[in-house]
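Novice: need a 3D model of the sequence below.
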Amino acid sequence: MENLDSTVLTTSMPAIARDMGAHPIALKLALVTYLLSLAVFIPASGWVADRFGARRVFRAAILVFTIGSILCGFSDSLVGLVAARALQGVGGAMMVPVGRLIVLRSVPTNEIVVAMAWISIPALIGPLIGPLVGGFITTYFHWRWIFWINVPIGVLGLVLATLFIPDIRFTAPARFDFRGLALSGLGLAICVMGATLIGLAGVPWWVGVGLLVFGGLLLAAYWFYARRVPAPLLNLDLFRVDTFRAGVGGGFMFRVGMGASPFLLPLLLQVIFGLSPFQSGAITFIGAGAAMLMKFAAPPLIRRFGFRQTLVISASIGGALAAVPAGFTAQTPHIVILMILFVGGFFRSLFFTGVNALSYADIKQSMMSAATSLASVSQQVSRSIGISLAALVLELSMAVRGADTLSRADFVVAFLAVGVMSLSSVPHFLKLHRDAGNEAAGRQRPRAPAQSESAEMAEVPKKPVAST
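Specialist: Model (predicted):
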């Protein structure tokens, strides 16, 4: 439901903008606001699940998300849509991390790759059918129905969660870290909002820069604060674990680039090439189809080549292909576009399966709640920054040209920036030991006379080490 909602919305943005009398780029606020809400509340997801039980929190999250979807469908202005999307974000902040936490606490370390592949397959149904559903509804019905289709899915989710989700909980700290939530959540949200407002029509540039500075100061304050308290909301000591640091850091850079593509492609195909929402969705869905196929191939590939080699190759190819749409024109055959998006989706999916598993490869069960919260915050913030970066590049390109409307030249610059950002993730994985995360990959660890610290930590069977 969460992934379907996001992909349907990106396909329908031009139609929603016309109906509300807003510029298509202004619709990024509806996308970014949801991600901002996630950034604020995801840090609390691990503590809340441990305190109140995973099943109870999961059901409440589904209910809140469904109510937010209904309100989105009734919105008549950009302000109303943004507010409803913020409510959706509160539900989404608990749905995905808590679901992932349940899975990670239910499987042994050597099955993490397979588990992360399986947990991603249902989530890919949204990106697979979302562009088609969004394009079909927007073209032949009304865009409001793209939100209302979440209602039956939400009702079904509540029933299935009640029947099948175990009430898994762990010992939670006695006190909730409200100061940590205020510093980290607000700092992240203000930084992303600042990046969003820079270059937005009608907003002075100094407003966005000021918000970035203020948000950065709050995050710096949290860093000093987290070092002095015994149980911070986001445990930054997790970054001392090599595999977690590489997975979260490298994944962040790659997701910034990939988060921009779903925003840019529908705009290029509809606004510049003149395709209908349904035609656009029929083209962009192919990447999700390739990602679905890769989920079955990813575990044996990672087991064969290891995390380091798999991630370096998939990030390099995926990043390079993310820039290729810069060369698309209205005369580019659709079959060529489909082939490029298919191959790109294949390697992008391999990367995400590997990097998600690598992040938790050496984390103890007692630290899993903190790890899922921190990793989820990084993922959502990177997506919002990716959208903001893409919109900012488009706006700057128009300003340089002295134009008020988008042209293909603006998208050339934007897609090249996307490719560069995605490729910047590669150095994070080159620093890894070649045997990093071997237990989680299901590989037989080679015997060597000398090993790095991270490899020595991985030598203890089923006892991944994390700094506490």
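Novice: which residue packs closest to A330, ignoring adjacent ones?
Specialist: The shortest distance from A330 to any non-neighbouring residue, by C-beta to C-beta, 6 or more residues apart in numbering, is to F273 (4.8 Å). C-betas here are computed from N, CA, C, even on glycine.
Novice: in the host helix or strand of L396, what's buried?
Specialist: Here L396 sits within helix 368-401, counting by DSSP states H and E. Residues of helix 368-401 classed as buried: 368-398 (neighbour count, 16 or more other C-beta atoms under 10 Å).
Novice: separation between W205 and E395?
Specialist: Using C-beta to C-beta, to the nearest Å, we find W205 at a distance of 11 Å from E395.
Novice: same check, this time on S37
Specialist: Distance from S37 to E395, by C-beta to C-beta: 24 Å.
Novice: so which elements touch whichever strand or helix holds V114?
Specialist: Assessed by DSSP H and E, V114 sits inside helix 112-140. Under the contact criterion of 3 or more C-beta pairs under 8 Å, 6 or more residues apart in numbering; DSSP states H and E, helix 112-140 touches helix 2-20, helix 78-104, helix 145-148, helix 277-284, helix 286-323, helix 334-359, helix 438-441.
Novice: quick one: that helix to helix 277-284, angle?
Specialist: 160 degrees (axes from the mean of the first three to the mean of the last three C-alpha atoms, to 10 degrees).
Novice: helix 112-140 to helix 2-20, inter-axis angle?
Specialist: Relative orientation of helix 112-140 and helix 2-20, computed by the same axes, to 10 degrees: 30 degrees.
Novice: now helix 112-140 against helix 78-104, angle please.
Specialist: 150 degrees.
Novice: okay, angle between helix 112-140 and helix 286-323 too, please.
Specialist: Going by the same axes, to 10 degrees, helix 112-140 makes 100 degrees with helix 286-323.
Novice: angle of helix 112-140 against helix 334-359?
Specialist: 140 degrees.
Novice: use 15 as the first number from now on
Specialist: In the new count, where the first residue is 15, that last one comes out as helix 126-154.
Novice: pLDDT of helix 126-154, averaged?
Specialist: For helix 126-154, the per-residue pLDDT values average out at 74.
Novice: got it, and stretch 268-284?
Specialist: pLDDT averaged over stretch 268-284 gives 85.
Novice: contacts for stretch 389-402, please.
Specialist: 42, 45-46, 49-50, 52-53, 56-57, 59, 110-111, 114, 198, 202, 205-206, 209-210, 212, 248, 258, 261-262, 265-267, 269-274, 277, 370, 373-374, 432, 435 (C-beta atoms under 8 Å, 6 or more residues apart in numbering).
Novice: what's the spacing between that stretch and its chain's center?
Specialist: Mean-position distance between stretch 389-402 and its chain equals 6 Å (C-alpha atoms, centre = their mean, to the nearest Å).
Novice: dump that stretch to PDB, restricted to CA.
Specialist: Listed next in PDB are the C-alpha coordinates belonging to stretch 389-402 (Å, rounded to 0.1, in the frame of the first residue of the first chain):
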ATOM      1  CA  ALA A 389      18.700   2.800   8.600                       C
ATOM      2  CA  SER A 390      15.100   3.700   7.900                       C
ATOM      3  CA  VAL A 391      15.700   7.400   8.700                       C
ATOM      4  CA  SER A 392      18.600   7.400   6.300                       C
ATOM      5  CA  GLN A 393      16.600   5.800   3.500                       C
ATOM      6  CA  GLN A 394      13.700   8.100   3.800                       C
ATOM      7  CA  VAL A 395      15.800  11.300   4.100                       C
ATOM      8  CA  SER A 396      17.800  10.200   1.000                       C
ATOM      9  CA  ARG A 397      14.600   9.800  -1.000                       C
ATOM     10  CA  SER A 398      13.400  13.300   0.000                       C
ATOM     11  CA  ILE A 399      16.800  14.900  -0.800                       C
ATOM     12  CA  GLY A 400      16.800  13.100  -4.200                       C
ATOM     13  CA  ILE A 401      13.400  14.700  -5.100                       C
ATOM     14  CA  SER A 402      14.500  18.100  -3.800                       C
END
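Novice: send me stretch 117-136 as CSV with only the CA atoms.
Specialist: The C-alpha trace of stretch 117-136 is given here as CSV (Å, rounded to 0.1, in the frame of the first residue of the first chain):
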residue,chain,number,x,y,z
VAL,A,117,11.4,-10.2,10.0
LEU,A,118,14.9,-9.4,11.1
ARG,A,119,14.1,-10.8,14.6
SER,A,120,12.7,-14.0,13.2
VAL,A,121,15.6,-15.2,11.0
PRO,A,122,19.2,-16.3,11.8
THR,A,123,22.1,-14.2,10.4
ASN,A,124,22.9,-16.6,7.5
GLU,A,125,19.4,-16.1,6.1
ILE,A,126,19.2,-12.3,6.1
VAL,A,127,19.9,-12.0,2.4
VAL,A,128,17.1,-14.3,1.5
ALA,A,129,14.7,-12.7,4.0
MET,A,130,15.4,-9.2,2.8
ALA,A,131,14.8,-10.4,-0.8
TRP,A,132,11.5,-11.9,0.1
ILE,A,133,10.3,-8.9,2.2
SER,A,134,11.0,-6.7,-0.8
ILE,A,135,8.9,-8.7,-3.3
PRO,A,136,5.5,-7.7,-2.0
